[in-house]
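Peer 1: Pasting the sequence and the predicted coordinates here, then a few questions.
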Amino acid sequence: MSDTIFGKIARGELPAELVHEDDRALAFRDVNPQAPTHILVIPRQAIAKLSECTPADNELVGHLIQVANQVARQEGLDDYRLVVNNGAGAGQTVFHLHIHVLGGRPLGWPPG
Ligand code: AMP
């Protein structure tokens with residue numbers, strides 16, 4: 001598995017405030033929240049970024065989105081935004097695939 005911070009969280013080697021856990025995915029609160037709800041959904045599998053996903057990952061990616069919907073519901077959110085930063089130029093800093101779940105305040109468009 002990857003040796004990123006999120007790989008360590010997935011292996012239980014670093015603490016995180018988990019809000020969901022299953023055999024394929026974890027969701028935990030972002031340490032530097034950009035909205036009242038800011039949760040990260042990650043696969044246990046080490047995939048560096050979204051663009052590395054292939055059709056063989058379709059079910060896993062669909063599962064991550066379902067987990068994102070579920071944690072948003074748990075947080076009482078009707079309106080929320082899912083964000084995947086793909087690559088450093090798009091703002092990705094941790095190279096273990098993750099979906100940001102953001103909500104709890106008005107979200108402007110376009111994003112920065
Ligand atoms: P990105 O910039 O899309 O790669 O997102 C990485 C996110 O991970 C940022 O929003 C960080 O605040 C968050 N982050 C970094 N380290 C941790 C950690 N140990 N636990 C929870 N969130 C983290």
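Peer 2: The structure has been received and is ready for your questions. Residues are numbered from 1 along each chain as shown.

Peer 1: what distance separates the start and the end of stretch 78-89?
Peer 2: Terminal residues of stretch 78-89 are spaced 30 Å apart (CA to CA, to the nearest Å).

Peer 1: Tell me how far that stretch lies from the chain's centre.
Peer 2: In this view, stretch 78-89 has its centroid 8 Å away from the chain centroid, taken as CA atoms, centre = their mean, to the nearest Å.

Peer 1: which residues are contacting that stretch?
Peer 2: 37, 49-51, 65, 68, 72, 91-93, 97-103, 107, 111 (CB atoms under 8 Å, 6 or more residues apart in numbering). C-beta here means a position set from N, CA and C on the backbone, and glycine is covered the same way.

Peer 1: and A68, how many residues sit next to it?
Peer 2: Neighbour count for A68, taken as other CB atoms under 10 Å: 21.

Peer 1: what does T4 give?
Peer 2: 17.

Peer 1: And G62, by the same measure?
Peer 2: Considering only other CB under 10 Å, G62 is surrounded by 10 other residues.

Peer 1: Secondary structure element holding it?
Peer 2: helix 58-74 (DSSP states H and E).

Peer 1: can you check F6 too?
Peer 2: Using DSSP H and E, F6 falls in helix 5-10.
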